[in-house]
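**Q** missing the sequence, but the structure's below:
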DNA sequence: CGATATTCGTTAGTGGCCCTAACGTTAGAC
DNA sequence: GTCTAACGTTAGGGCCACTAACGAATATCG
């Protein structure tokens, strides 16, 4: 009657699992598309944050994007290697680096913006606009601390 | 007007990101609670699958839970170390191992079931029953291939 | 002023999970 | 009886969350 055919019933009934799996499917598509453009999601996050608020220190970028302070170094390195960003010491506060968007970085951001917009439509293709909005509303209520970094 | 205070606007507007972040918050709670019980989510997944369908091969467990064939080895090892599961060669098919739930494993599963039920209530505390159901419905429609394993 | 706490960038490292590639062994299909 | 496919297993890469510690610079406050 119940040989292992599909997925376990009990697992299917965990809302947390449904959430995890949906996120995984979504992330997979996002990562694939970004990889196709030679980027990762953190690259986009940093570029977007810089575009919105101008030059910023790495710590500020960390707070704006949710990337850990310890991981931001590599991201900025990669962006700097691609000349999408420039890192220079802050004369006003010698602890800090000022990270600045380059022209190439701004162009890249436009591309990624477009790309991500189309990814949204792809991932949520089976949802109406209203459903999509409702999903966002519901997701915002999903618990757990938003806290990052002690 | 717009120094980096909170989170970037553009990031906030990506539904895929809202989904990722909600899943991360949810997963964090789930993992914490399970870790408190000395388990991980794959442990629960395997125990649940075994309970529902009786003894199974590792490949079957892989299909039922979504765990990769290459990762299941370790999970079964850990469960066997804790005596929650027994692994023995299948006499009928000498390629396979038969994984069987022990009495201790069944007891553990009951505990984890209870624990996870309470985690659901914790994570989705701010959602009504109806909203929770709707969330599940919406999540099911989130795109990307469900495909695992080539 | 001077001691203390805090912030910043950075390095190093852990562990989880997803995923690929390859292997020898064994069973099924033609 | 050969070829194909499934099985368990090992090894490894990649991304990400997360911790701990460091020297250096700044902010705070007595």
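**A** Alright, I've got the coordinates. Remember, it's a predicted structure, so these values are computed and weren't measured experimentally.

**Q** hey, let's count contacts and neighbours off CA atoms from now on
**A** Will do.

**Q** check contacts around residue A:140.
**A** Counting by Cα atoms under 8 Å, 6 or more residues apart in numbering or on different chains, residue A:140 makes contact with B:18, B:22.

**Q** what does the one 3 residues further on give?
**A** Contact criterion Cα under 8 Å, 6+ apart gives B:22, B:25, B:26, B:122, B:123, B:124, B:125, B:126 as the residues in contact with residue A:143.

**Q** how does it look with 6 Å?
**A** B:123, B:124 (Cα atoms under 6 Å, 6 or more residues apart in numbering or on different chains).

**Q** mind checking the SS state of residue A:88?
**A** Assigned with DSSP: H, G, I helix; E, B strand; the rest coil, residue A:88 falls in the strand class.

**Q** What residues are bridge-paired with it?
**A** residue A:98 (DSSP bridges).

**Q** Distance check, it against DNA strand C.
**A** The gap separating residue A:88 from DNA strand C is 9 Å, by Cα to the nearest atom of the strand, to the nearest Å.

**Q** Do you know the pLDDT at that residue?
**A** Note for residue A:88: predicted pLDDT of 95.

**Q** what does residue A:149 give?
**A** We have a pLDDT of 54 for residue A:149.

**Q** Is chain B within reach of the helix or strand where residue A:51 lies?
**A** Taking DSSP states H and E as the criterion, residue A:51 maps to helix A:41-53. Yes. Applying Cα under 6 Å from any Cα of the partner chain, one finds helix A:41-53 in contact with chain B at A:49, A:53.

**Q** Which helix or strand contains the residue in chain A positioned nearest to DNA strand C?
**A** Residue nearest to DNA strand C within chain A (Cα to the nearest atom of the strand): residue A:59, separated by 3.2 Å. Per DSSP H and E: residue A:59 is located in helix A:58-65.

**Q** Give the buried residues for the following helix or strand past that helix.
**A** Heading C-terminal from helix A:58-65, the first helix or strand you meet, by DSSP H and E, is helix A:69-81. Neighbour-count burial for helix A:69-81, counted by 16 or more other Cα atoms under 10 Å in any protein chain shown, picks out A:72, A:75, A:76, A:79, A:80.

**Q** same thing with stretch A:21-31?
**A** A:21, A:22, A:23, A:24, A:25, A:26, A:27, A:29, A:30.

**Q** For chain B, tell me which of the residues you listed show up nearby.
**A** Filtering these for proximity to chain B by Cα under 6 Å from any Cα leaves A:22, A:23, A:25.

**Q** Format those residues as JSON lines; extra columns: distance to residue A:38, pLDDT and secondary structure.
**A** As requested, these are arranged in JSON lines below (distance: Cα to Cα, whole Å; pLDDT from 0 to 100; DSSP: H, G, I helix; E, B strand; the rest coil):
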{"residue": "A:22", "distance to residue A:38": "24", "pLDDT": "96", "secondary structure": "helix"}
{"residue": "A:23", "distance to residue A:38": "22", "pLDDT": "96", "secondary structure": "helix"}
{"residue": "A:25", "distance to residue A:38": "20", "pLDDT": "94", "secondary structure": "helix"}
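
**Q** Considering those, which is situated nearest to residue B:35?
**A** Proximity of those to residue B:35 (Cα to Cα) peaks at residue A:23, which lies at 21.7 Å.

**Q** so which helix or strand takes in the closest residue to that closest one other than its chain neighbours?
**A** For residue A:23, ignoring the flanking residues on the chain, the nearest one in space by Cα to Cα, 6 or more residues apart in numbering or on different chains is residue B:20 at 5.3 Å. Element membership of residue B:20 [criterion: DSSP H and E] is helix B:15-36.
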